[in-house]
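K.L.:
Kindly return the folded structure for what I paste below:
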Amino acid sequence: MTELSVRNRPVLEGDLFAARVRMHAQDKGLTRVAILEAGCGRGPGLALPDDLDRHVTGIDVDTPALRAHTLDRTDLHSWHLGDLRNAPLPPRAFDVVHADSLIERITNAELVLDRMVAALKPGGLLLIRFTDRDSAYGLIRRLLPRWLRALLGDPVHSTPPTTFEPVTSLDGIRTWCLMRGLVIAEAHTTRPPRSTPVAATARLTAALTGGRYTAAHSDIVLVVRKPENRFARII
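P.N.:
Numbering: from 1, shown residues only. Sure thing, here's the model as predicted:
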């Protein structure tokens, strides 16, 4: 894999992901796009145009809050609530897997990522966004209690606490992709507005750590492609 170039300009990941799904459908000549929403118990899902025919399957762990959110979603055609480490995921069944703010809040994150890639068709797209554990924002979300983060204006959800395993960093996800023969087609970063209290706290954290934890971004947004080459490693 070639050296990863990260674009540090802000991106609207919803618009980016929707555009990439549409392009993928056009390039592959798909009449219907099969999409897996991994971690469907939070977030709005992909903002796809009405004229794009798709079948969206949701999956997440079964907790009262995540179940309630899943039931309220209108974009899901089917869903399953269960442990992402062993929930049924048919191999090579999906054209796109979308995982928004998922891998930083689960254990055995690499196993879950492996299972999601195995569920992708060859040439399929893995669209992921996660908080970078090596950013000042990641450090804040790891160390500060939820009530204090809420006071700072950081988004706090009634979901399982974040775990931030090593794969939830730029180096970690790059190594994971390299070991599995996956191609990072695009890499972007995002951050909250600079005027928010959490942004000011992140800048202070970056200064106090001598830049070890950067305040330049909070989240990493990736478009990852599963190779079509039949000689590529199959997981």
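
K.L.:
Show me the shaky parts of the chain.
P.N.:
1-14, 156-161, 230-235 (pLDDT under 70).

K.L.:
And the helices in it?
P.N.:
In the chain, the helices defined using DSSP state H lie at 13-28, 64-72, 109-118, 136-143, 146-151, 170-179, 197-208.

K.L.:
how far away is residue 54 from residue 98?
P.N.:
11 Å (C-beta to C-beta, to the nearest Å). Where C-beta positions appear, they are placed from N, C-alpha and C, glycine not excepted.

K.L.:
And those two? Which one has more around it.
P.N.:
residue 98 (25 against 18; other C-beta atoms under 10 Å).

K.L.:
what's the closest non-adjacent residue to the more buried one?
P.N.:
Counting by C-beta to C-beta, 6 or more residues apart in numbering, the nearest residue to residue 98 once its immediate chain neighbours are dropped is residue 127, at 4.7 Å.

K.L.:
on that earlier part again, mind listing the shared neighbours of residue 54 and residue 98?
P.N.:
With contacts taken as C-beta atoms under 8 Å, 6 or more residues apart in numbering, residue 54 and residue 98 have residue 35 as neighbours in common.

K.L.:
From what I see, residue 37 and residue 44 are in contact.
P.N.:
No: in this structure residue 37 lies outside contact range of residue 44 using C-beta atoms under 8 Å: 10.1 Å.

K.L.:
In terms of packing, which of the two has more residues around it?
P.N.:
residue 37 (26 against 10).

K.L.:
show me the contacts for the residue nearest to residue 98.
P.N.:
17, 20, 21, 46, 96, 97, 98, 99, 222, 223, 224.

K.L.:
closest to residue 195 among those?
P.N.:
Nearest to residue 195 out of the contacts of residue 127 is residue 17 (C-beta to C-beta; 26.2 Å).

K.L.:
In contact with residue 134, which residues?
P.N.:
Per C-beta under 8 Å, 6+ apart, neighbours of residue 134: 169, 170, 171, 213, 214.

K.L.:
Could you measure from the first one over to residue 65?
P.N.:
Distance, residue 169 to residue 65, by C-beta to C-beta: 27 Å.
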